[in-house]
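In: next input, structure requested:
(2 chains)
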Amino acid sequence: MKSKLLLALLAVSLSATANAQVKPEDAIKWRQSAYATMGWSMSRIKANVEGTYNKDDVIKAANVIQAIANSGMGALYLPGTDKGTGWEATRAKAEIWTDKEKLGKVAMAFNKEANEMAKVAATGDAAAVKEQMGKLGGTCKGCHDDFKAKK
Amino acid sequence: MSTQRIRLWDLPTRLFHWLLVLAIAASVVSGQLGGNLIDWHGKIGLFILGLIVFRLVWGLIGSTYARFTQFFPTPARLRAYLRGEWHGVGHNPLGALSVFGLIGLIGLQVVSGLFSNDDISFVGPLFDLVSRDLSNQLTGLHKLSSNGLFVLIGLHVAAIAFYAHVKKDNLIKPMVVGWKETVDAKEATGGGVVALLVALMLAAAVVYAASGALLAPPPPAPPAAETPNW
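Out: Numbering: from 1, shown residues only, chains lettered A, B, ... in the order given. Just a heads-up that it's a prediction; the model follows:
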């Protein structure tokens, strides 16, 4: 009897740790924060390309985007979090969970251009950075078009 | 009854029409492709705004058949047209609905675009005047109403094809050359150089304001030394 109870307790606590790893609300908040931070970085690169170019500034911004792109944040798309509220209601579309193949493609395209952005930023070539910023922005849009709900 | 050639669409109206066709095509392509083209999308949008303002003014002070009062689709005119009793030239009452619909929807596109953002790095020139939330909503509207615009453009083209093939009335040629062979219709008059200058200046003034040039300049940058190194 005692061992059964222990076993049950163990089972409950194990499944609880598995589920309690990330709360849906936190997952959505982290997602939104990551995108907002990348938005900051994109604006920063753009401001440099359009105004006075500061190589270090662009490198910092590009490295932030690269780091987030390689952070494995796909893990934050927990099942069921196409609904819910983080800092605001999520705009993740249900297709994220149903069209994994297409999602994988746009995600990898973004990852590739984000890595390239960091490389180009390191060269300090403003014209090349501007061009790469366009390519990178295109991959942001590639995902927004299909997987981000419009308001 | 003898047919005669009348001046139907004045040159500014024709230029407006075909420049609008080109600009809409360019805006659709740049909007769909995105990337760095999004900056061009914004500039083209301002140009389209200028075209629309010009047309609105030209609809008041342009030549005969370009004026809104000439073709405003009143219920009486629409009824007469549907009964086959309309024999005018220029925009027929049903076509006039399309004209106002297109101008209205394109206007909505342009105005919503001025306040939009693409969640990447582009913001419309008047983005600073609204909250992020309102900007997001206007961006959603911008995308939604573009579908309505595609439908109207499709109808517009289909109607022209219908007129060409079924009613044997070529509507495209007068919009290119300006004149039309017709029976018993008066020549377009008015819309002189002064009217043209007024319309152009008003259009330019609106585009200038919409480009954000009148917004307060950003506050002077704080001293460079204040940027922390963390």
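
In: pLDDT score for the residue in chain B positioned nearest to chain A?
Out: As assessed by C-beta to the nearest C-beta, chain A sits closest to residue B:36 within chain B, at 3.1 Å. Heads up, the C-betas are built off the backbone N, CA and C, glycines and all. With respect to pLDDT, residue B:36 has a value of 92.

In: tell me where chain B has helices.
Out: B:11-33, B:37-61, B:68-71, B:75-82, B:93-114, B:132-165, B:172-177, B:193-210 (DSSP state H).

In: returning to what we had before: wait, isn't the residue of chain B closest to chain A in contact with residue A:134?
Out: Yes. Using C-beta atoms under 8 Å, residue B:36 is in contact with residue A:134, at 3.1 Å.

In: the lowest-mean-pLDDT helix or strand in chain A: what's the following helix or strand?
Out: Using mean pLDDT, DSSP states H and E, the weakest-scoring helix or strand in chain A turns out to be helix A:2-20, at a mean of 56. Next helix or strand after helix A:2-20 toward the C-terminus (DSSP states H and E): helix A:24-50.

In: could you quantify the relative orientation of that following helix and helix B:37-61 as an angle?
Out: 80 degrees (axes from the mean of the first three to the mean of the last three C-alpha atoms, to 10 degrees).

In: mind checking how far residue B:60 is from residue B:77?
Out: Separation of residue B:60 from residue B:77 (C-beta to C-beta, to the nearest Å): 19 Å.

In: for residue B:15, same thing?
Out: Distance, residue B:15 to residue B:77, by C-beta to C-beta: 27 Å.

In: kindly report the same for residue A:31.
Out: For residue A:31, the distance to residue B:77 - C-beta to C-beta - is 55 Å.

In: what about the residue in chain A that chain B sits nearest to, neighbour count?
Out: Closest to chain B within chain A is residue A:134: 3.1 Å, counting by C-beta to the nearest C-beta. Residues lying near residue A:134 (other C-beta atoms under 10 Å in any protein chain shown) number 19.

In: residue contacts, residue A:95?
Out: Going by C-beta atoms under 8 Å, 6 or more residues apart in numbering or on different chains, residue A:95 touches A:102, A:103, A:146, A:147.

In: just give the nearest non-adjacent residue to the first one, would you?
Out: Ranked by C-beta to C-beta, 6 or more residues apart in numbering or on different chains and with sequence neighbours excluded, the top spatial neighbour of residue A:102 is residue A:146, at 6.7 Å.

In: the one you found contacts residue A:106, correct?
Out: Yes. Between residue A:146 and residue A:106 a contact is recorded at 7.1 Å, counting by C-beta under 8 Å.

In: close to chain B, is the helix or strand containing residue A:68?
Out: Residue A:68 is part of helix A:55-69 when elements are defined by DSSP H and E. No. Shown here: helix A:55-69 not in contact with chain B (C-beta under 8 Å from any C-beta of the partner chain), separated by at least 9.3 Å.

In: counting contacts, what elements does that helix pack onto?
Out: Applying 3 or more C-beta pairs under 8 Å, 6 or more residues apart in numbering or on different chains; DSSP states H and E, one finds that helix A:55-69 contacts helix A:24-50, helix A:100-123.

In: redo those helices as JSON lines? Include mean pLDDT.
Out: Below are the helices and strands packed on helix A:55-69 laid out as JSON lines (pLDDT from 0 to 100):
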{"stretch": "helix A:24-50", "mean pLDDT": "95"}
{"stretch": "helix A:100-123", "mean pLDDT": "96"}
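
In: residue B:50: which of these is closest?
Out: With C-beta to C-beta, the closest approach to residue B:50 among the helices and strands packed on helix A:55-69 belongs to helix A:24-50: 23.1 Å.

In: figure out how far that closest one is from the centre of its chain.
Out: What separates the centre of helix A:24-50 from the centre of its chain is 9 Å, taken as C-alpha atoms, centre = their mean, to the nearest Å.

In: is chain B contacted by that helix?
Out: Yes. Judged by C-beta under 8 Å from any C-beta, helix A:24-50 comes into contact with chain B at A:35, A:39, A:42, A:43, A:45, A:46.

In: if I look at the third one, how far off is residue A:65?
Out: Between residue A:42 and residue A:65 the computed distance is 7 Å (C-beta to C-beta).

In: equivalent analysis for the fourth one, please.
Out: Distance from residue A:43 to residue A:65, counting by C-beta to C-beta: 11 Å.

In: can you check the first one too?
Out: Computed with C-beta to C-beta, the distance linking residue A:35 and residue A:65 is 11 Å.

In: do the same with residue B:59
Out: With distances taken as C-beta to C-beta, residue B:59 is found 48 Å from residue A:65.

In: higher neighbour count, these two?
Out: residue A:65 (27 against 20).

In: number of residues surrounding residue B:43?
Out: Residue B:43: 14 neighbours (other C-beta under 10 Å).

In: actually residue A:71, sorry about that
Out: That count, for residue A:71 with other C-beta under 10 Å as the rule, works out to 12.

In: looking at this, it is in a helix?
Out: No. Using DSSP: H, G, I helix; E, B strand; the rest coil, the assignment for residue A:71 is coil, not a helix.

In: flag every buried residue along stretch A:64-81.
Out: Residues of stretch A:64-81 classed as buried: A:64, A:65, A:66, A:68, A:69, A:76, A:77, A:78, A:81 (neighbour count, 16 or more other C-beta atoms under 10 Å in any protein chain shown).

In: surely residue A:31 touches residue A:92?
Out: Yes. Using C-beta under 8 Å, residue A:31 is in contact with residue A:92, at 7.4 Å.

In: neighbour count: residue A:146 and residue A:106, which is higher?
Out: For residue A:146 versus residue A:106, neighbours defined as other C-beta under 10 Å are more numerous around residue A:106 (19 against 14).
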